[in-house]
Each structure stands twice: as C-alpha cells, then as structure tokens.
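Student: below is the sequence, then the predicted model.
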Amino acid sequence: MELEKRLRKVVLAVRRSDGSMINNPSAATQLQPGDKLIAIGTNSQLKALAQMVRVTRP
C-alpha cells in the first residue's frame, strides 16, 4: 500500500466485503471494491487518507 509511505502507517486493517480481515496490511496489499479501511491518525492524516481513496458512506 503506497498509503503507508505517504501517511506513516495509519491503516491498521482492511475489512474485505466478505467479512474477512487483513490486520497490519503490507505495502503489497491491494484494495478491492467494497473494502473498508480501519485507520488511526491525526485529523490531517485521516483527511489525506480520505483524499487518496474514494470514501463512500452508507
């Protein structure tokens, strides 16, 4: 995940659309449609993350 390099490891996990979890995703993890990111960081880090990925809300 290029996000790690740019945002200093704010993504803690990826929840796949099938409910499976990838904890501590590596840089090689590719996001798929329906994935949800579980992230932590400062407001500016999370805003930058949201700008890098398409954020949709139910």
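Tutor: Done, it's in.
Student: for stretch 18-29, buried residues please.
Tutor: Neighbour counts over stretch 18-29 (16 or more other CB atoms under 10 Å) mark P25 as buried. Every residue, glycine included, has its C-beta placed from N, CA and C.
Student: and what of stretch 29-37?
Tutor: Buried residues in stretch 29-37 (16+ other CB under 10 Å): 31, 37.
Student: contacting residues around V14?
Tutor: Residues in contact with V14, defined by CB atoms under 8 Å, 6 or more residues apart in numbering, are 21-22, 25, 29, 31, 35-38.
Student: and if we set it to 10 Å?
Tutor: Listed by CB atoms under 10 Å, 6 or more residues apart in numbering, the contact set of V14 reads 1, 20-25, 29-32, 35-39.
Student: disregarding flanking residues, what is the spatial nearest neighbour of it?
Tutor: I22 (4.4 Å; CB to CB, 6 or more residues apart in numbering).
Student: for that neighbour, give me its contacts.
Tutor: Residues near I22 by CB under 10 Å, 6+ apart: 11, 13-16, 29, 35, 38.
Student: quick revisit: out of the contacts of V14, which is nearest to R54?
Tutor: Of all the contacts of V14, L31 has the smallest distance to R54: 9.8 Å, by CB to CB.
Student: pLDDT score assigned to that closest one?
Tutor: Listed pLDDT for L31 reads 88.
Student: do A50 as well
Tutor: 83.
Student: L37 and L12 touch, don't they?
Tutor: Yes: using CB atoms under 10 Å, L37 is in contact with L12, at 8.4 Å.
Student: now do the strands in this protein.
Tutor: Ranges of strands in the chain, per DSSP state E, are 11-15, 21-23, 36-39.
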